[in-house]
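A.B. asks: Got a predicted structure plus its sequence, pasted below:
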Amino acid sequence: MDQAAQTMIDNLQKNTGKSLEEWIGIVKETGLQKHGEIVKFLKSDHGFTHGFANMVALKAKGTDAGSAESPEHLIDKQYKGKESLQPLYLQLVSELQKFGEDVELAPKTAYVSVRSKKQFALIQPSTKTRLDVGINLKGKEPEGKLEKSGSFNAMCSHRVRLENAEDINPELISWLKEAYEQAK
């Protein structure tokens, strides 16, 4: 199991007080079979974010971790050949999860969407040496490392380029927190 998947499983236990196996048991007791029904149940009845509900639903259905819809598989594909950037990703995810229980990570083919009620950021390994963080930050003029997103991603107003752990600093976290607050 990759580190990102293990982090999600550890955070599930920490956030809910129940292990992945316990949640799988709860889901199986409901008799729900469809992925979407399981996700809806976990979100509405237990307050899960979409990312955690999706992970538990996949595991409860016994979906192969290598399937295209598996968040872990999508993240593995993003970092193939860019493994040195994965610790930056995990450090950033750890900071984002401190914002609140409603922070949801939704891996896509090329990036991870970060949402609350709506997307406020995305994390993308753009090159072998650079992780780009797109931020949807209305009314903020570009300054320093906070640049206009340009052609990077039309869903974000700004981009910050990360090359090492020192780039995940209080300034970046404050921009992300501001975008998170705007997305509520």
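C.D. replies: That came through fine.
A.B. asks: and the chain, what are its domains?
C.D. replies: Listed domain ranges for the chain are 3-72, 82-183 (source: automatic domain parsing).
A.B. asks: Which one of those has the poorest average confidence?
C.D. replies: Among these, domain 3-72 carries the lowest mean pLDDT, at a mean of 83.
A.B. asks: How far does it sit from its chain's centre?
C.D. replies: Relative to the mean C-alpha coordinate of its chain, domain 3-72 is positioned 14 Å out (Cα atoms, centre = their mean, to the nearest Å).
A.B. asks: thinking again about what came up before, in JSON lines, list the domains of the chain along with mean neighbour count.
C.D. replies: To be clear about C-beta, it is placed using only N, CA and C from the backbone, and glycine gets the same treatment. Converted to JSON lines, the domains of the chain look like this (neighbours: other Cβ atoms under 10 Å):
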{"stretch": "domain 3-72", "mean neighbour count": "16"}
{"stretch": "domain 82-183", "mean neighbour count": "17"}
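A.B. asks: How much space separates residue 149 from residue 166?
C.D. replies: From residue 149 over to residue 166 the distance is 22 Å, taken as Cβ to Cβ, to the nearest Å.
A.B. asks: Could you do residue 21 as well?
C.D. replies: In terms of Cβ to Cβ, residue 21 sits 38 Å off from residue 166.
A.B. asks: Touching the host helix or strand of residue 92 from outside, list them.
C.D. replies: Using DSSP states H and E, residue 92 sits within helix 86-97. Outside helix 86-97, the residues that touch it by Cβ atoms under 8 Å, 6 or more residues apart in numbering are 3-4, 7, 11, 75, 79, 103, 105, 112, 114, 121, 123, 125, 131, 133, 162, 164-165, 167-168, 173, 176, 180.
A.B. asks: go on, stretch 21-28?
C.D. replies: 12, 16, 18, 38, 41, 42, 56, 57, 59, 60.
A.B. asks: The last one and residue 38 touch, don't they?
C.D. replies: Pointing back at residue 60 there. Yes: counting by Cβ atoms under 8 Å, residue 38 is a contact partner of residue 60 at 6.1 Å.
A.B. asks: now the strands for the chain?
C.D. replies: Ranges of strands within the chain are 104-107, 112-115, 119-125, 131-135, 147-148, 158-162, based on DSSP state E.
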